[in-house]
Structure formats: C-alpha cells, structure tokens
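Chemist: predicted model and sequence below, questions to follow.
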Amino acid sequence: MNEQRRQILQMLAEGKITADEAERLIDAVTREQPETPPGPKPRPKYLRVVVSSTDNFGGDGPGRVNVRVPIQLLRAGVRLTSLIPPQALAHANAELARSGVPIDLTQLKPQHIEELVEHLDDITVDVDQPDAKVQVFCE
Amino acid sequence: MIPQLVTVRSRRRNGRWLRLYVPVLPVLLVLSPVLLLAMVAGLVACVVFRISPVGALRGTGSVLGALRGTRIEIEQGRTAVLVSVR
C-alpha cells in the first residue's frame, strides 16, 4: 500500500472525510499513478525474408519470395559450424583471401555467431528500389 | 521434436494447384534401410575427415528438430511453390 492511500484511509478512520470522499480520493490517486511497466518483450521466433519484385522475368509477371525460418534453426546451423574440419576452414580462408575478402574464419567462434543470432531480433533491413523491395526482420 | 508434416503446394501456369502432403515419420520408416546406409556412409566420412560422429549426429538432429515452422513461398506470375514444415 502506498503512502497516499494510507493517508486517505487514516483520514477516513479519524472521521475527517466520508467513505464517498475516500473512494473518490483513492480513485484519483490510482489514476495519477504511472502505469506498471510492460513485461519483457516476447522474443521473436522467426526470421522473415520478404522480396517483392515488379520485374517481369520471362514474361511471367511480378515475383514474390516469402521465407520464414525459425531462429532455432539458425542456432542449430551455428552449432554445426563447429564440426567443420580445420583444413576446410584453411582452404576457405585461402579462397576468400584470393577473392579479396580477407576474413579469417578460424577466428569466428561459435559463441560469436551465437551472440549474433541472439541479437538478430533488433535487426530490420529494408531495401527499397523502384522495381523491387527486400525486407529482413524477426517476428 | 522432428517435423510431422511437410506440405508442398505448387501452382501451375494454368492456375491449378498441386498439393502434396508428406507425413515425415512414415516416410522415414519406409526409407529407414536407405537412411541406415546413409548413416554408415556419414560415420565413415566423419572418421575420414576427423569430425566427431557424436557431434555430427547431434548437430543433424538439432537441425532436423528446428525445421518445424519453416515456410518458403516463391511466386512468379501465375506460378508458385509453397513449402511448409509443421
């Protein structure tokens, strides 16, 4: 019980105010109190990729791609990366370097990717083109 | 838990839909001899490439288990392919 409500009840007990007045005061105090903060935001379960294109590929008309992938599937895929043999990673590193992408995949630990997946819900990608639209978001 | 049902729907140029419902567990049971061979081949590959077979099995299981809820829709003009895993 908060202090204001206690004071109102005290005044009622002392006979300084009537029950109706006490009720009105308690209502007013309740309205003045800020609303309780909302609970934790529900965590998204899916990663959505939506691509809409007005291009008329092959004369078939506009195209649309809508992919919904469970985030749990991304996590499972991340765990699978720990099974990639070191020689394959070294080969992939060499190919990436040759293509001008100097990324050392051996430095990419599963926990880093796990953190990335963990914060995917904050990511929203919107690409707007006159003839195409791409949206990536979590829901 | 592995998926129970995979639904594949395809819309042809004439606008007709082809629907295919694949119950996963019965199909796995029917294909179990082939899956057994594939598993043995996978274990041999794990030994050759020095990958933990237990980790590989666990990873494959978790990927299969996480497939539920996947939905892929591709539309192009009058044709479309929809795949849903439940």
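Modeler: That came in fine, so what should we check first? Numbers count the residues shown, from 1 in each chain, chains lettered A, B, ... in the order given.
Chemist: every contact and neighbour count from this point should use C-alpha atoms.
Modeler: Will do.
Chemist: phi first, then psi, for residue 67.
Modeler: As the question left the chain open, I've gone with chain A. For A:V67, the backbone dihedrals (degrees, to the nearest 10) come out as phi -120, psi 130.
Chemist: count of residues packed around it?
Modeler: A count of neighbours around A:V67, defined by other C-alpha atoms under 10 Å in any protein chain shown, yields 20.
Chemist: how about the closest residue to it other than its chain neighbours, what does it touch?
Modeler: Distances taken as C-alpha to C-alpha, 6 or more residues apart in numbering or on different chains put B:I72 closest to A:V67, at 4.4 Å, once the chain neighbours are dropped. Applying C-alpha atoms under 8 Å, 6 or more residues apart in numbering or on different chains, one finds that B:I72 lies in contact with A:V65, A:N66, A:V67, A:R68, B:V81, B:L82, B:V83, B:S84.
Chemist: need those residues in a markdown table with pLDDT, secondary structure and distance to B:V6, can you?
Modeler: Formatted as a markdown table, the contacts of B:I72 follow (pLDDT from 0 to 100; DSSP: H, G, I helix; E, B strand; the rest coil; distance: C-alpha to C-alpha, whole Å):
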| residue | pLDDT | secondary structure | distance to B:V6 |
| --- | --- | --- | --- |
| A:V65 | 94 | strand | 19 |
| A:N66 | 95 | strand | 17 |
| A:V67 | 95 | strand | 15 |
| A:R68 | 94 | strand | 14 |
| B:V81 | 94 | strand | 13 |
| B:L82 | 96 | strand | 10 |
| B:V83 | 96 | strand | 7 |
| B:S84 | 95 | strand | 6 |
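Chemist: looking at the residues you listed, which one is closest to A:L74?
Modeler: When the contacts of B:I72 are compared for distance to A:L74 (C-alpha to C-alpha), A:R68 comes out closest, at 11.6 Å.
Chemist: on that earlier part again, among the contacts of B:I72, which one lies nearest to A:L116?
Modeler: When the contacts of B:I72 are ranked by distance to A:L116 (C-alpha to C-alpha), A:R68 comes first, at 18.2 Å.
Chemist: surely the closest one is in contact with A:P44?
Modeler: No: look at A:R68 against A:P44 with C-alpha atoms under 8 Å: they stay out of range, at 11.8 Å.
Chemist: from the centre of the chain, point out the most distant residue.
Modeler: All of this refers to chain A. Using C-alpha atoms, centre = their mean, the residue of chain A lying farthest from its centre is A:G15. It sits 54.1 Å away.
Chemist: oops, I was thinking of chain B
Modeler: In chain B, the residue that sits farthest from the middle, by C-alpha atoms, centre = their mean, is B:N14; the gap is 28.2 Å.
Chemist: what sits against it?
Modeler: Under the criterion of C-alpha under 8 Å, 6+ apart, the neighbours of B:N14 are B:R78.
Chemist: quick one: secondary structure of it?
Modeler: B:N14 carries the three-state label coil when classified by DSSP: H, G, I helix; E, B strand; the rest coil.
Chemist: same deal with the one 5 residues further on?
Modeler: Under three-state DSSP, the three-state class of B:R19 is strand.
Chemist: quick one: the strands in chain B?
Modeler: Taking DSSP state E as the criterion, chain B carries its strands at B:5-11, B:17-23, B:71-76, B:79-85.
Chemist: quick check: what element follows the helix or strand where A:L96 lies along the chain?
Modeler: Under the criterion DSSP states H and E, the helix or strand holding A:L96 is helix A:86-98. Reading on from helix A:86-98 to the C-terminus, the next helix or strand found by DSSP H and E is helix A:110-118.
Chemist: re the thing from before, check the residue farthest from the centre of chain A and give its pLDDT.
Modeler: pLDDT, the model's per-residue confidence, is 80 for A:G15.
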